[in-house]
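> give me coordinates for this.
(one chain, ligands or ions: 2)
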Amino acid sequence: MSELKHLKEQWKAIFSCMGCGDCGYSIRTAVGRYLTCAVKEAKGEEAFELSFSRGRMNVLRSILEGKIPLSRELAEWIYECSECGNCTEACHMTQNDQIILPTCNWIDHVKVWDALRKDLVEAGFAPLERHHQLIDYMINDSMNNPYGETKETKNQWVNQFPEIKEKGDFVFFGGCTMPLRQLDTLKSMMLILKAAGKDIAFSKDEWCCGSITLRIGDEKPIFEYINHNVEIFKNLGAKTIFTACAGCYRTWKKDYPELLGQQLPFEVKHITEIIVELLRNNQIPFKQIDRKPVKVTYHDPCHLGRHMGLYEIPRELISKIPGVELIEMKRNKKNAWCCGAGGGIKSQFPELAIDISKERIREAMETGAEILTTSCPFCLGNLTDAYETLELEEKEKIKVMDILDLIASKI
Ligand code: SF4
Ligand code: SF4
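Ligands and ions are numbered 1, 2, ... in the order given. Here you go, the predicted structure:
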């Protein structure tokens, strides 16, 4: 049996669960909470205790007590979790600061799930097949990205922008998803920055941020990736690095310093933080808008919102785009419904990811919005895939687009 090293570190959190079930059933309309676990709801009648936090905590308790062993079967269930963190927002043990008992600990659910994933990997029951393949691609020296594409393919976009500098203090981290799967959105970002007169530097030597290894729980390669990327940006002369990917942002800004045990030698920003500054300074030249405002609703990516607390900046940004009216979905900010792509669900359980996203698109439709926008290539990809499965009648009601494409369409 595995030593359960990581789960043992989480024992207080695991034993603090009091089994109330709010992580699965809570509806508190006063605070905008309508249920909690996107996975449990998407599984419908197939869902059972192990599909959401309460059952998982019970099983973890039994594992720590030596009553249940780790297994491949358990891994198949455990990875059906987007690590969205919504259970933490609903949990009494997290939210109620009146509960302070010496034997209890506030529960950071995602930390518990991460610990279990790491122990499953160390015991040889994970990664699952698709996750294995992504990591294999990522650690392949001719790729260093999880999409199985060559470095040359990933860097092709740079040739279209000769103004990009090889050195500078304002450096873009491209990540893997936008250059390989969402080139148009990347071009929109470049158009916005150029229109605002912002010069950027970029290195073709950047590697994947490594976030998939962290989410999957197979952390062996991560330090090589952190050290490589940090060194590259130091050599470029970076004072600020920015990324348009919510996952890369969380990894650079939160995970890298935590894993290194020290702050990075530069500031890390998300593209929405860069653009909001440009908007505040009136640096983006918009076209004259002469039609009535288009109604837009915003989906909070879990990596930006619940994991990093970036709720207001994307909203301020949207509100400052001329000819746009921002309207909220009933579940927003801390209570936002997950798109279903994260935590490795999209690659290993693609149908589940689509089912979760369909629910989010329908929630966006209920607002009357004509556009559902977001600021994460992963959310965008999954929402777009789900959108493609809708009937024409539903598709005609709403469009899905990245914030960057929305802004670029007004320049
Ligand atoms: S992190 Fe999200 S998907 Fe996972 S158990 Fe919690 S609410 Fe469900
Ligand atoms: S809401 Fe928290 S305390 Fe209640 S069952 Fe879920 S994890 Fe346990």
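> could you pick out the longest helix of this structure?
Of all the segments assigned as helix in the chain under DSSP state H, the longest by residue count is helix 350-366.
> in that one, which residues are buried?
Of the residues in helix 350-366, those with enough neighbours to count as buried (16 or more other CB atoms under 10 Å) are 352-361, 363-365. Heads up, the C-betas are built off the backbone N, CA and C, glycines and all.
> before we move on, what about stretch 282-297?
Burial within stretch 282-297, assessed by neighbour count using 16+ other CB under 10 Å, is assigned to 284, 294, 296-297.
> hang on, the earlier thing: looking at the buried residues of helix 350-366, spot the one nearest ligand 1.
Closest approach to ligand 1 among the buried residues of helix 350-366 (CB to the nearest ligand atom): I356, at 8.7 Å.
> so the nearest residue to the closest one once chain neighbours are set aside is in which element?
Distances taken as CB to CB, 6 or more residues apart in numbering put G340 closest to I356, at 2.6 Å, once the chain neighbours are dropped. Assigning secondary structure by DSSP states H and E places G340 outside every helix and strand.
> tell me if I'm right that G340 and P350 touch.
No: contact status for G340 versus P350: not in contact, 9.7 Å apart, counting by CB atoms under 8 Å.
> I'd like the distance between the residue nearest to I356 and ligand 2.
Relative to ligand 2, G340 is positioned 20 Å away (criterion: CB to the nearest ligand atom, to the nearest Å).
> number of residues surrounding that residue?
Counted with other CB atoms under 10 Å, residues neighbouring G340 total 29.
> identify the residues contacting it.
Under the criterion of CB atoms under 8 Å, 6 or more residues apart in numbering, the contact partners of G340 comprise 38-39, 42, 82, 346, 352-357, 360, 382.
> for the stretch 1-150 of the chain, which residues are neighbours of ligand 1?
The stretch 1-150 of the chain comes close to ligand 1 at residues 36-39, 52-53, 81-87, 109-110, as judged by CB under 6 Å from any ligand atom.
> what do you get if the cut-off is 8 Å, keeping everything else the same?
Listed as neighbours of ligand 1 in the stretch 1-150 of the chain under the rule CB under 8 Å from any ligand atom: 23, 36-40, 51-53, 56, 80-88, 90, 109-110, 113.
> what's the mean pLDDT across the next helix or strand after the longest helix of the chain?
Following helix 350-366 in sequence order, the next helix or strand is strand 371-374 (DSSP H and E). Within the predicted structure, the mean pLDDT of strand 371-374 is 98.
> and the buried residues of stretch 282-297, which is closest to ligand 2?
Proximity to ligand 2 was ranked across the buried residues of stretch 282-297 by CB to the nearest ligand atom; first place goes to T297, at 27.8 Å.
> now that closest one: closest residue in space that isn't a chain neighbour?
When the adjacent residues along the chain are set aside, T297 lies closest to A369, with 3.8 Å between them (CB to CB, 6+ apart).
> can you give me the neighbour number for the one you found?
Should you count by other CB under 10 Å, A369 turns out to have 22 residues around it.
> hmm, it is touching I398, no?
Yes: taking CB under 8 Å as the contact criterion, A369 and I398 are neighbours in contact, 6.3 Å apart.
> what is the neighbour count of the nearest residue to L317 once chain neighbours are set aside?
Leaving aside its sequence neighbours, L317 sits nearest to V276 (CB to CB, 6+ apart; 4.7 Å). V276: 20 surrounding residues under other CB under 10 Å.
> what helix or strand does V276 sit in?
V276 belongs to helix 271-280 when assigned by DSSP H and E.
> and that helix, what does it pack onto?
On a contact count with 3 or more CB pairs under 8 Å, 6 or more residues apart in numbering; DSSP states H and E, helix 271-280 meets helix 183-195, strand 240-243, helix 312-319, helix 403-408.
> how far out from the middle of the chain is the helix or strand of the chain with the lowest mean pLDDT?
Averaged element by element with mean pLDDT, DSSP states H and E, the chain has its least confident helix or strand at helix 92-95 (a mean of 72). Helix 92-95 has its average C-alpha position 23 Å from the chain's average C-alpha position, going by CA atoms, centre = their mean, to the nearest Å.
> so does it get close to ligand 2?
Yes: using CB under 8 Å from any ligand atom as the criterion, contacts between helix 92-95 and ligand 2 involve 92-94.
> quick check: closest non-adjacent residue to F173.
That would be T243: by CB to CB, 6+ apart, it lies 4.4 Å from F173.
> the one you found and E206, how far apart?
Here T243 is placed at a distance of 10 Å from E206 (CB to CB, to the nearest Å).
> G148 too?
Remark: distance between G148 and E206 (CB to CB) = 17 Å.
> returning to that earlier point: tilt between whichever helix or strand comes after the helix holding V276 and helix 312-319?
For helix 271-280, the following helix or strand on the C-terminal side (DSSP H and E) is strand 294-298. Counting by axes from the mean of the first three to the mean of the last three CA atoms, to 10 degrees, strand 294-298 points 170 degrees away from the direction of helix 312-319.
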